[in-house]
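1. next comes the sequence, and after it the predicted model I'd like to discuss.
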Amino acid sequence: MKVGVIAITKGGKALAATLVKQLDQATLLQEEGKVADKLAAHWRQFDGFICIMATGIVVRSIAPLLQHKHRDPCIIVMDEKGRHAISLLSGHIGGGNDLARLVSRLTGGTAVITTSSDTLDLVPLDLWAIQQNLVTEDQDALTKASTKLVNQGYLTVYSTCNILSLPRGLIQVSDSRQADIIIDYDNPFPKNAIFFSPCNLVIGTGCNRGTPVREFEHALDELLTELRVSRASIRNIASIDKKNDEIGLLEFAESNNWRIDFFDKDSINTLTNLEISFAALKAVGAIGVAEPAALLSARSNLLLSRKRKWKNVTMAIAQAPFMLSELVQGQ
């Protein structure tokens with residue numbers, strides 16, 4: 001985590017210099033000027049800030065800069081003696097609570113954590129979902145579920161994915177109608193539950209030369225609709241290295257913010273128990289493209305969808321190994 005450290009008083013500056021030496025990727029912001037101007041100038045350059053000064057100064061300084069808890073850097077406020085480290089902003093997703101705990105250990109002080117889940121020793125639902133590689137498109141529902149967890153003390157979970165363990169406050173149920181949280185690839189479930197997609201699907205893709213991006217999008221939309229699979233479950237796409245300069249394929253990945261894993265024909269031809277594509281053998285010397293590339297990228301032998309062919313595109317979907325656990329970093 002890149003951290004900017006700001007102090008005002010002589011004692012505060014001494015503590016700041018000490019913390020910068022003890023923290024990885026910490027920078028002392030020493031330029032002259034108002035605290036508000038310093039924060040504004042560096043707001044997007046750091047993942048978090050440690051402000052050694054009165055809380056009121058920090059609150060007034062950051063107010064014009066705030067956008068969203070998923071994008072704002074975390075803010076820690078400390079007194080110059082290091083007695084208190086207050087997690088003021090972005091405590092969960094932004095890492096503020098963990099940073100407050102860390103700096104309080106360094107100074108021998110106390111971390112001041114006010115987020116309800118931490119106070120009640122319950123899982124921070126938003127942070128847990130991110131670290132379990134779960135995605136939801138309904139942030140309002142996530143907020144409501146987090147509130148319900150705090151008020152009720154637990155939430156019920158229905159999952160079609162394997163569960164190794166669940167954190168305190170989450171209880172597994174076998175009936176989706178009884179669930180507060182549903183974890184699956186599709187969302188045909190009651191609207192009173194929050195839906196999470198496990199992000200572990202790999203789209204293996206082959207194509208003819210010069211295939212435009214719109215044909216990739218059309219093929220994917222049709223395939224996902226047929227399978228009733230959420231687009232949010234896609235982790236990345238994969239293809240043969242002969243396609244690493246295919247403009248339409250590269251645009252397809254970039255526009256969706258997906259990485260592409262490319263594999264050479266020798267790696268692909270090591271796979272067995274796949275239907276051989278004689279067209280692929282003739283064109284690129286590989287037994288296939290969509291299915292083997294998807295499986296190699298996913299590092300599994302489980303296909304959610306066998307190869308489907310359109311005019312210029314082939315696609316298959318592989319499932320990467322996925323298991324839920326209770327682990328949350330810093331917990």
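-> That came in fine, so what should we check first? This is a predicted model, so every value here is computed, not measured.
2. the stretch 201-331 of the chain: strands as residue ranges?
-> Taking DSSP state E, counting those that start in this stretch as the test, the strands found in the stretch 201-331 of the chain are 201-207, 234-240, 260-263, 303-309, 313-319, 323-324.
3. listing partners with orientation, what would you give for the first one?
-> Within its sheet, strand 201-207 is paired with strand 234-240 (parallel), strand 313-319 (antiparallel), according to DSSP bridges.
4. which residues touch the last one?
-> Pointing back at strand 313-319 there. The contact list for strand 313-319 (C-beta atoms under 8 Å, 6 or more residues apart in numbering) reads 200-208, 211, 215-216, 219-220, 223, 227, 229, 289-291, 294-295, 297-298, 300, 302-308. Every C-beta, even on glycine, is put in place using the N, C-alpha and C of the backbone.
5. can you pull out the strands in the stretch 1-150 of the chain?
-> Counting by DSSP E, counting those that start in this stretch, the strands of the stretch 1-150 of the chain are 3-7, 26-28, 48-52, 74-78, 84-89, 110-112, 134-135.
6. so which elements touch the second one?
-> Think strand 26-28. strand 3-7, helix 10-22 (3 or more C-beta pairs under 8 Å, 6 or more residues apart in numbering; DSSP states H and E).
7. where are the low-confidence patches of the stretch 51-200 of the chain?
-> Applying pLDDT under 70 to the stretch 51-200 of the chain picks out residues 187-190.
8. now do 50
-> For the stretch 51-200 of the chain, not a single residue meets the criterion pLDDT under 50.
9. got the contact list for the residue nearest to the spatial centre of the chain?
-> Centroid-nearest residue in the chain: residue 130, 4.6 Å away (criterion: C-alpha atoms, centre = their mean). Residues counted as contacts of residue 130 (C-beta under 8 Å, 6+ apart) are residue 93.
10. what does residue 275 give?
-> Counted by C-beta under 8 Å, 6+ apart, residue 275 has contacts 288, 291, 307.
11. any idea of the pLDDT on it?
-> Residue 275 is assigned a predicted lDDT (pLDDT) of 84.
12. how close does it sit to residue 96?
-> According to C-beta to C-beta, to the nearest Å, residue 275 stands 52 Å off from residue 96.
13. again, but for residue 125
-> Distance of residue 125 to residue 96, computed by C-beta to C-beta: 16 Å.
14. can you pull out the helices in the protein?
-> Ranges of helices in the chain, per DSSP state H, are 10-22, 35-42, 55-62, 96-107, 116-119, 125-131, 139-152, 213-227, 247-255, 265-268, 278-284, 290-298.
15. and the contacts of the first one?
-> Residues external to helix 10-22 that are found in contact with it (C-beta under 8 Å, 6+ apart): 5-7, 26-28, 50, 52-53, 78, 80-82, 103, 106-107.
16. and it, what's buried?
-> In terms of neighbour count (16 or more other C-beta atoms under 10 Å), helix 10-22 has its buried residues at 12, 13, 15, 16, 19, 20.
17. repeat for the last one
-> Residues of helix 290-298 classed as buried: 290, 291, 292, 293, 294, 295, 296, 297, 298 (neighbour count, 16+ other C-beta under 10 Å).
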